[in-house]
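1. 3D, please:
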Amino acid sequence: MDEIKQELKQENTAMKANAVTKLLY
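-> Numbering: from 1, shown residues only. Below is the predicted model of the structure:
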């Protein structure tokens, strides 16, 4: 269960970073 939560957090962070990058360009 904890592993899944960590994976989701990592994916969420990556998606947020991707969205921020798109906003910057």
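
2. From Ala17, how far out is Asp2?
-> 23 Å (C-beta to C-beta, to the nearest Å). Any C-beta I mention is one placed from the backbone N, CA and C, and that applies to glycine too.

3. and these two? which has more neighbours close in?
-> Neighbours per residue, other C-beta atoms under 10 Å: of Asp2 and Ala17, the larger number sits with Ala17, 10 against 6.

4. Which helix or strand contains that one?
-> helix 2-24 (DSSP states H and E).

5. what's that helix in contact with?
-> Around helix 2-24, nothing counts as a contact under C-beta atoms under 8 Å, 6 or more residues apart in numbering.

6. Quick check: buried residues in it?
-> Residues of helix 2-24 classed as buried: none (neighbour count, 16 or more other C-beta atoms under 10 Å).

7. Would you pull up how far stretch 2-11 lies from the middle of the chain?
-> Mean-position distance between stretch 2-11 and its chain equals 10 Å (C-alpha atoms, centre = their mean, to the nearest Å).

8. Just the mean pLDDT for that stretch, thanks.
-> Stretch 2-11 carries an average pLDDT of 87.

9. Please apply the same query to stretch 15-22.
-> 90.

10. Using CSV, write out every CA atom in that stretch.
-> Output of stretch 15-22 as CSV, limited to C-alpha atoms (Å, rounded to 0.1, in the frame of the first residue of the first chain):
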residue,chain,number,x,y,z
MET,A,15,2.8,15.5,-14.1
LYS,A,16,2.9,18.8,-12.1
ALA,A,17,6.4,19.5,-13.3
ASN,A,18,5.3,18.7,-16.8
ALA,A,19,2.4,21.1,-16.5
VAL,A,20,4.6,23.8,-15.1
THR,A,21,7.1,23.3,-17.9
LYS,A,22,4.3,23.7,-20.5
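
11. Distance from the chain centre to that stretch, please.
-> 8 Å.

12. ditto for stretch 10-25
-> Relative to the chain's own centre, stretch 10-25 is displaced by 7 Å; criterion: C-alpha atoms, centre = their mean.

13. Kindly report the same for stretch 1-9.
-> Relative to its chain's centre, stretch 1-9 lies at 12 Å (C-alpha atoms, centre = their mean).
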